[in-house]
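Undergrad: Everything below, folded, please.
(chains A, B, C and D)
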There are 2 protein chains.
Amino acid sequence: MPPDLPAHETGSAAIARQLGTSIIRGVHAPGSTLPGELDLAIQFGASRNLVREAIKTLAGKGLVLSRKKAGTRVRPRADWQMLDPDLLGWRLQAGPEFDFATNLLALREAIEPAAAAAAARHQDRAAIDAVREAFERMVAAGTDRARFAEPDLQFHKAILAASGNEFMMAFGGMIEAALAAFIGISLRHSEAPGPSIPMHGTVLDAIAAADPEAASAAMLALLARTRTNIEKDATR
Amino acid sequence: MPPDLPAHETGSAAIARQLGTSIIRGVHAPGSTLPGELDLAIQFGASRNLVREAIKTLAGKGLVLSRKKAGTRVRPRADWQMLDPDLLGWRLQAGPEFDFATNLLALREAIEPAAAAAAARHQDRAAIDAVREAFERMVAAGTDRARFAEPDLQFHKAILAASGNEFMMAFGGMIEAALAAFIGISLRHSEAPGPSIPMHGTVLDAIAAADPEAASAAMLALLARTRTNIEKDATR
DNA sequence: GCTTGATTTTATGTCCGACATAATCGATTA
DNA sequence: TAATCGATTATGTCGGACATAAAATCAAGC
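TA: Residues are numbered from 1 along each chain as shown, chains lettered A, B, ... in the order given. Just a heads-up that it's a prediction; the model follows:
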């Protein structure tokens, strides 16, 4: 049985996580061949079948490719499914990366304003209620950073969900995986969240008012503030 | 050995694809429990190990969750990793879906202008050369739709790659999976591609000129034209 | 010494049966 | 009616075996 087993993580999931993290860290470089299945089984103290299941998981995320006799090869980084929440989590577990936060923010700046605009057009009442509920919990959290982070994340996820676009909704899982790892880091450095709350309210109001342009602009302004905070953190 | 085995598709990959497609089609509804591993092995004429490998692949893409005794349950649609290229391909294989094309286009309208702007800022010469090369192949294809589609896709992928943002690059695989399935369908209906070529050239010129706003606007205009074509197709 | 074809080796692909165990279900008891 | 207990069951994990595609090696011919 592999060690270090979080709740409900099966043996093959643990091996996939450890192998995935090793690949991301460069322990196994793109183009290189992983140790054979039997060697990996010995290394992880598991059966060859568990290793194979783990490798299938990594293959499904674009990290590796197996061929008879040829072995299991690490694919070029461009083939990795960077949007996969598991892979994202492994990247964050592997350690800080140059430009990770700014690249993620650039993606968010592209998608979340569009999602806010789509939500303003879509007018799904229940979904907008969920945005409002998250906003109210942010207000209730006040300047308590630890209590603020979770409703903040829910706020953004709720807007993605309210867009009515399943592709935009999918970013919720990705952003959640990324921010979950960031929370522990950024809570120490970020300023108090209080001042950004009204900006969140502006986004909500624009969505509720069915004003796509205002919703998009408000979300862009909010994320610009996040960018300022990230850049400020980077210079400390 | 499972039947219907495309080149280089292993048995477990074939089972994953067939099971994934069944789930997407609603044959196995979210919340329901899949047949047991032994039953699936009989159904697919394969070993229990192959079925388990396939299920691990699906689990890694958010489609299912297995627990001892409880069985393998289909997760809510919101948990599916909609951005996964394999899942995207299975969705397209499962059959036409309401709003698929317009949702994908809305996502592209959010990301590709941002990628074009980022490419204009990033100024990676080799990457811009790849954009130019794809553009020249589009020009060479002229009004031959069949020859046009592939360089058109490469053009968009090259811009995503030129952005320098790994998350934006990741859309290349996704768009490729989506458009690969669309090509067979849309080639019959789309107008000749010739008139859009200059618009592609405008995007390239703006990127080469290091003009992010012009690049973004040009890409948005190009995608607006795609939207017009999709809406035209929808009314036939 | 190089090229080509044959042979051998090897690592994955697939299978089968077995055992462990977590979770579900039904019966019993308080 | 609720809690407990035992049986059942489906997944989790293991080990060994065989098939086979592909890589490596070897031999023959030029």
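
Undergrad: Please count neighbours and contacts with C-alpha atoms only from this point.
TA: Noted.

Undergrad: Go ahead and confirm A:Ala118 touches A:Pro212.
TA: Yes: at 6.7 Å, A:Ala118 counts as touching A:Pro212 under the criterion of Cα atoms under 8 Å.

Undergrad: Quickly note the distance from the spatially closest residue to A:Ala208 that is not a sequence neighbour to chain B.
TA: Leaving aside its sequence neighbours, A:Ala208 sits nearest to A:Ala120 (Cα to Cα, 6 or more residues apart in numbering or on different chains; 6.6 Å). For A:Ala120, the distance to chain B equals 14 Å [Cα to the nearest Cα, to the nearest Å].

Undergrad: same thing with A:Gly11?
TA: According to Cα to the nearest Cα, A:Gly11 and chain B sit 11 Å apart.

Undergrad: Same question for A:Arg67.
TA: From A:Arg67 across to chain B, the span is 8 Å (Cα to the nearest Cα).

Undergrad: for A:Pro96, same thing?
TA: Separation of A:Pro96 from chain B (Cα to the nearest Cα): 15 Å.

Undergrad: A strand includes that residue, no?
TA: No: the assignment for A:Pro96, made by DSSP: H, G, I helix; E, B strand; the rest coil, is coil rather than a strand.

Undergrad: count of residues packed around A:Gly95?
TA: Using other Cα atoms under 10 Å in any protein chain shown, A:Gly95 has 11 other residues around it.

Undergrad: Not counting its own residues, what contacts the helix or strand containing A:Leu105?
TA: Using DSSP states H and E, A:Leu105 maps to helix A:100-122. The contact list for helix A:100-122, computed with Cα atoms under 8 Å, 6 or more residues apart in numbering or on different chains, reads A:128, A:156, A:159-160, A:162-165, A:168, A:203, A:206-220, A:223-224, A:227, A:230, B:107, B:110-111, B:114, B:165-168.

Undergrad: If we ignore the residues flanking it in sequence, what's nearest A:Leu223?
TA: Of all residues not flanking A:Leu223 in the chain, A:Glu109 sits nearest, at 6.4 Å (Cα to Cα, 6+ apart).

Undergrad: One more: A:Arg25?
TA: Of all residues not flanking A:Arg25 in the chain, A:Ala94 sits nearest, at 5.7 Å (Cα to Cα, 6+ apart).

Undergrad: How much space separates that neighbour from chain B?
TA: With distances taken as Cα to the nearest Cα, A:Ala94 is found 16 Å from chain B.

Undergrad: Could you do A:Asp205 as well?
TA: 22 Å.

Undergrad: mind checking which helix or strand of chain A has the lowest mean pLDDT?
TA: Least confident helix or strand, chain A: helix A:171-186 with a mean of 74, by mean pLDDT, DSSP states H and E.

Undergrad: can you pull the alpha-carbon coordinates of the next helix or strand after that one into CSV?
TA: Following helix A:171-186 in sequence order, the next helix or strand is helix A:197-208 (DSSP H and E). Once non-C-alpha atoms are left out, helix A:197-208 reads as follows in CSV (Å, rounded to 0.1, in the frame of the first residue of the first chain):
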residue,chain,number,x,y,z
ILE,A,197,-16.0,44.4,-1.8
PRO,A,198,-17.8,47.4,-3.4
MET,A,199,-16.2,46.4,-6.7
HIS,A,200,-17.7,42.9,-6.4
GLY,A,201,-21.1,44.6,-5.7
THR,A,202,-20.8,46.6,-8.9
VAL,A,203,-20.3,43.4,-10.9
LEU,A,204,-23.3,41.8,-9.2
ASP,A,205,-25.5,44.9,-9.8
ALA,A,206,-24.6,45.1,-13.5
ILE,A,207,-25.4,41.4,-13.9
ALA,A,208,-28.7,41.8,-12.1
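
Undergrad: what's the angle between helix A:197-208 and helix A:100-122?
TA: Relative orientation of helix A:197-208 and helix A:100-122, computed by axes from the mean of the first three to the mean of the last three Cα atoms, to 10 degrees: 40 degrees.

Undergrad: in terms of contact count, name the helices or strands touching helix A:197-208.
TA: On a contact count with 3 or more Cα pairs under 8 Å, 6 or more residues apart in numbering or on different chains; DSSP states H and E, helix A:197-208 meets helix A:100-122, helix A:125-141, helix A:212-234.

Undergrad: Which SSE is immediately downstream of the second one?
TA: So the one you mean is helix A:125-141. Using DSSP H and E, the helix or strand that directly follows helix A:125-141 along the chain is helix A:145-162.
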